[in-house]
Structure formats: C-alpha cells, structure tokens
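Asker: Fold the following for me, if possible:
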Amino acid sequence: MTKKLEDYFKEFEDKVAGIVVEMIDPDVLIIYENFNLVIRFIKAQPLENQRDLWNTTVNLLNASKAFNDEMKEDIRKELLEDCFIALENLNYTILRSHTQKTTTVKGNAEKANKPDTTVKGNAKKANKPDAKFNWQGSQTELVYLIEKLYEQGFLSPISQPEKHWLTAQHFTVKGKNLNQKNLAKARDNNLKTKKGKPKRGEEIEQIISAAKNQNPSKT
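Answerer: Numbers count the residues shown, from 1 in each chain. Just a heads-up that it's a prediction; the model follows:
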C-alpha cells in the first residue's frame, strides 16, 4: 500500500505526542528528524503537486493536538515558518520554470520586438505585480500596524506565522527585504514593552481609528 502525506504526518504526530519536551532535550531533534520524513515525501512529488501538499501540511500542523505544551507550541511555530519558506521557494521555482518555458517558445519572436521605452512602458514596469510596498518607518512599527489591522477586522484572521510570511512577501522597510523570524521577534519585543507598542504606536492607532470612522462596519 502506497503511503500518503497524511500517513507520514500521522507517524510524525504520534512521535510528537509521545515526547515530553524540556528546556534542553535531545528528543527535540527526534521531532525535527521525523518532520523531515514529511518534507522528503513532499519534495519527491511532481512540482505541480507540491503546493497543495505544503498547504495540507500547514493545515495539519495547525489542527494537530500533539503540540500540547508551551515548548511544543514553539516547535509548531518553527515548523510552520519552514513550510511557508518552502512555499515561497516553490512559488519562485515554478515561476522561473514557467518563464524559461515561455522564453523558449517565443524564441526569436521576442527578440524582434523592440523594448517599450515610452512613458507608458516605464509605468508598466513600475507597477509590476511583484513590486513591494516600501515602508518608511521602522520594522517594529510595521509589525504593529499589521497586528492592529488584523485586530480591528480590516484583514481576515490567519495564524501568526502566516501574518509574518505575508508581510515579508509584500513589504520592504526602507528598501530592505524582511525576514519572518525578525518580524516575529519585533512583535514579541512590542509585547514586552511597558506600553505594548512602539514609539509611534499611538500615531498608528489614530490612523486606524480614523479609517474605522470612515468605515462604520469595522466598529
């Protein structure tokens, strides 16, 4: 009988449930080793099937009851981050593969077309789909803004790792790309401060409050 993703995940989940994780515990490595079996299974599948398998794994991780204490919950978050990074890399690989195929098919026909150097052509380049919003404040302020947008119902609820992944996908801070783990640390640092917010947190709250007044359905 051919094993499926769910079979590999169930074996991994049983291993997690059977381990009591302490602060320094070699058994933690066993958890990651068993999750690697899930990862290897996904990567062995056809490229076009891998996205669905990664999304299924994210759903299984979120729904699993095996991560039943604080230490295991931290491990779940790390594994979710690994899944989102794998999805990001997969999307890039698929996009690059598709671009290469398109280039090969078009061949010399593309070379015959002169590049569009008009104002209209430059505007199109400036608005390319993969362009990111360049936040001019601090990374901590951006994280706080995103948190407040979710908190006030402007964005649909998702898991914390997904928030950081999407933020890294769509924003830069003063031209620099973002890292999911650094975004998570920035959020934790906000929570640890006396006010629970960055220096310009009140300004961000005022902006969101004004937006809510413009959209009564969010109040």
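Asker: Quick check: can you list the domain ranges of this structure?
Answerer: Following automatic domain parsing, the chain resolves into domains at 5-96, 133-218.
Asker: now those domains as a markdown table including mean pLDDT and mean neighbour count?
Answerer: Placement of C-beta: from N, CA and C, glycine included. Formatted as a markdown table, the domains of the chain follow (pLDDT from 0 to 100; neighbours: other Cβ atoms under 10 Å):
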| stretch | mean pLDDT | mean neighbour count |
| --- | --- | --- |
| domain 5-96 | 85 | 15 |
| domain 133-218 | 84 | 15 |
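Asker: Find the residue at the geometric middle of this protein.
Answerer: The centroid of the chain falls nearest to Trp165 when counting by Cα atoms, centre = their mean (2.1 Å).
Asker: would you say it is within a strand?
Answerer: No. If the criterion is DSSP: H, G, I helix; E, B strand; the rest coil, then Trp165 is helix and not within a strand.
Asker: what ranges do the helices span in this structure?
Answerer: Using DSSP state H, the helices of the chain run over residues 5-17, 27-43, 47-63, 70-106, 108-112, 119-126, 139-151, 160-170, 180-192, 201-214.
Asker: and of these, who's closest to Lys132?
Answerer: With Cβ to Cβ, the closest approach to Lys132 among the helices of the chain belongs to helix 160-170: 5.7 Å.
Asker: And the contacts of the closest one?
Answerer: Helix 160-170 is contacted from outside by 77, 80-81, 84-85, 88, 132-133, 142-143, 146-147, 150, 158, 177-180, 183-184, 187, using Cβ atoms under 8 Å, 6 or more residues apart in numbering.
Asker: For Glu141, see how far away Gly201 is.
Answerer: From Gly201 across to Glu141, the span is 7 Å (Cβ to Cβ, to the nearest Å).
Asker: how about Ile31, what does it touch?
Answerer: By Cβ under 8 Å, 6+ apart, Ile31 lies in contact with Phe12, Lys15, Val16, Ile19, Val21, Ile75.
Asker: Next: Ile94.
Answerer: Ile94 neighbours (Cβ under 8 Å, 6+ apart): Leu47, Glu48, Arg51.
Asker: Swap in 10 Å and give it another go.
Answerer: Leu47, Glu48, Gln50, Arg51 (Cβ atoms under 10 Å, 6 or more residues apart in numbering).
Asker: Is it correct that Asn134 is in contact with Leu178?
Answerer: No. Counting by Cβ atoms under 10 Å, Asn134 sits too far from Leu178 to count as a contact (11.1 Å).
Asker: what's the overlap in contacts for those two?
Answerer: Phe171, Thr172.
Asker: Using CSV, write out every CA atom in stretch 147-164.
Answerer: C-alpha atoms of stretch 147-164 as CSV (Å, rounded to 0.1, in the frame of the first residue of the first chain):
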residue,chain,number,x,y,z
GLU,A,147,-1.3,43.5,14.0
LYS,A,148,-3.7,46.3,14.5
LEU,A,149,-5.2,45.8,11.1
TYR,A,150,-5.9,42.2,11.9
GLU,A,151,-7.1,43.0,15.4
GLN,A,152,-9.6,45.6,14.2
GLY,A,153,-11.0,43.3,11.5
PHE,A,154,-9.6,45.1,8.4
LEU,A,155,-7.9,41.8,7.4
SER,A,156,-9.3,38.3,7.7
PRO,A,157,-7.9,36.3,10.7
ILE,A,158,-4.9,34.0,9.9
SER,A,159,-2.2,32.4,12.0
GLN,A,160,0.7,34.4,13.4
PRO,A,161,3.4,32.8,11.1
GLU,A,162,1.2,33.5,8.1
LYS,A,163,1.0,37.2,9.0
HIS,A,164,4.8,37.4,9.1
